[in-house]
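>>> whatever this is, show me its structure:
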Amino acid sequence: MNTMKLSLSTRRYTRALLCLFCPLWLGGIAQVVAEGSRVIATGGASMIEGSAGGGIVPWAVINGYGSSDEWSATAMATGVYVDDFTLKVMGASLSYDNRFELSLARQTFDLDTLGGELGQDIVGLKYKLAGELLYTAMPQITLGAQYKKVDDFSLPQAVGARDDWGLDIYVAASKVFFDTVAGRNLLLNATVRATKANQTGLLGFGTEASNDYHFMLEASAALLLTDNLALGIEYRQKPNELGFAREDDWQDIFLAWFIDKHLSVVTAYADLGSIAGFEHQRGWYLSLEGAL
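Model prediction:
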């Protein structure tokens, strides 16, 4: 009973904060959030866990366009539609000084074929350690953390998960290389994540047999076709710890259109492999982000 009360409290708190953050980019407190002075597209998009990045991989960039002593805010809505499942995400972020980022995300995972749904809340923090995306030889390097809490632990526990919450910790490095491919700029990102999450946490954390962290590699590459249009690929290693079904690595091919500094659209074709025994989960990804 106490666990249920804590879960409901966490969900209400996260939703309340999302309701607070979302009006930022709609202009609710526009006097606090300045027009960002960074170059368009350098804030990336919002990935499925709410942090700045691509679609499935966090990058070293800080969300929004705020530079030194400037604030930025974003809000996003994302859908991933594969053969037997649908992932829906709502999120928001607040960043300062192009160095600190706080993000919130609410994930709902519809079990279209089985029936029912899973869900989790995610609170993310990111801090820029060194380097710059554009202006230094050293890549921009950030340290990030994502606290995750599932809604209902009954199904994850039934398939062998140990805990209903977990903490992912990652280090990401991102760099833009100028005039690299046919005169176009190329962004490369590498991320190392320490995690106990099963299916990013939707199926709980750890197993009865092991509660160890696993170090996973993630990578992204994006070619800037124009100043505000990027074509890229992503790859994300996944732990494979639950005995009842195989968990595959994820990958996607994406197209990101940064219409202006206030609105961006990302679409992708995603291959999520096997999920809960359902093979060949492939389909489409669509994300809209608004920013101040």
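
>>> and Asp97, what does it touch?
66-70 (CB atoms under 8 Å, 6 or more residues apart in numbering). In short, each C-beta sits where N, CA and C put it, glycine included.

>>> repeat for Phe85
Contacts of Phe85 (CB under 8 Å, 6+ apart): 109-113, 275, 278, 281.

>>> coming back round to it: from the contacts of Asp97, pick the one nearest Ala77.
Gly66 (21.6 Å; CB to CB).

>>> quick one, what contacts that closest one?
33-34, 36-38, 72, 95-98.

>>> try 10 Å
Going by CB atoms under 10 Å, 6 or more residues apart in numbering, Gly66 touches 33-38, 43, 72-73, 94-101, 291-292.

>>> just Glu218 next, same as before
53-54, 56-59, 170, 172, 189-193, 234-238, 249-250.

>>> can you map out the helices along the stretch 101-250 of the chain?
Assigned by DSSP state H, counting those that start in this stretch, the stretch 101-250 of the chain shows helices spanning 154-158.

>>> pLDDT below threshold where in it?
Filtered on pLDDT under 70, the stretch 101-250 of the chain yields no residues whatsoever.

>>> filter the contacts of Glu218 to the buried ones?
53-54, 56-59, 170, 172, 189-191, 193, 234-238, 250 (16 or more other CB atoms under 10 Å).

>>> in strands, which of those fall?
53, 170, 172, 189-191, 193, 234-236, 250 (DSSP state E).

>>> nearest to Val80 among these?
Out of these, the member with the shortest distance to Val80 (by CB to CB) is Trp250, at 10.0 Å.

>>> about what we covered before: now the buried members of the contacts of Gly66.
For the contacts of Gly66, a burial check counting by 16+ other CB under 10 Å picks out 33, 36, 38, 43, 72-73, 94-96, 98, 101, 291-292.

>>> those in helices, which ones?
Using DSSP state H, no member of the buried ones among the contacts of Gly66 sits in helices.

>>> determine which two of those are furthest apart.
Arg38 and Leu94 (15.7 Å).

>>> which residue sits closest to Leu134 in space, ignoring its chain neighbours?
Val176 (5.4 Å; CB to CB, 6 or more residues apart in numbering).

>>> ah, wrong one, I meant Ser51
In space, Ser51 is closest to Pro58, 4.2 Å off (CB to CB, 6+ apart).

>>> and Val265, which helix or strand is it part of?
strand 263-271 (DSSP states H and E).
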